[in-house]
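**Student:** structure for this input, please:
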Amino acid sequence: MTEVRDSNGNALADGDSVMVIKDLKVKGSSVTLKRGTVIKNIRLTDDAEEIECNADKVKGLVLKTCFLKKS
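**Tutor:** Prediction:
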């Protein structure tokens with residue numbers, strides 16, 4: 001499996017918690033993930049630049065690792 005890294009170069013693993021480093025609009029929804037939002041229990045995908053997670057109001061969200069940092 002490929003190694004997944006956050007925006008600072010820290011390795012990520014299944015179940016880690018990450019923090020959003022930039023306000024992100026969620027496509028197909030009126031929700032915006034604010035900077036500093038902590039997302040728990042991430043799941044890695046086959047793509048080294050994407051993770052799956054569940055945010056407060058959005059389930060089954062896919063985020064790019066360049067907008068995340070390990071918390």
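
**Student:** look up how far residue 34 lies from the closest residue to residue 41 other than its chain neighbours.
**Tutor:** With CB to CB, 6 or more residues apart in numbering as the criterion, residue 41 has its nearest non-adjacent residue at 5.6 Å, and that residue is residue 15. Just so you know, the C-beta spots here come from the backbone N, C-alpha and C atoms, and that holds for glycine as well. Remark: distance between residue 15 and residue 34 (CB to CB, to the nearest Å) = 23 Å.

**Student:** quick one, helices of this structure?
**Tutor:** Secondary structure of the chain, counting by DSSP state H: no helices present.

**Student:** any weak-confidence spans in it?
**Tutor:** Under the criterion pLDDT under 70, the flagged ranges of the chain are 1.

**Student:** tell me which residue is most central in it.
**Tutor:** Note on the chain: the residue nearest the mean C-alpha position is residue 63, at 4.5 Å, using CA atoms, centre = their mean.

**Student:** in contact with that one, which residues?
**Tutor:** Counting by CB atoms under 8 Å, 6 or more residues apart in numbering, residue 63 makes contact with 20, 24, 39, 50-51, 53.

**Student:** of the residues you listed, closest to residue 69?
**Tutor:** Closest to residue 69 out of the contacts of residue 63 is residue 20 (8.4 Å), distances taken as CB to CB.

**Student:** where along the chain do the strands fall?
**Tutor:** 4-5, 11-12, 18-20, 24-25, 32-33, 38-39, 43-44, 50-53, 61-64, 68-70 (DSSP state E).
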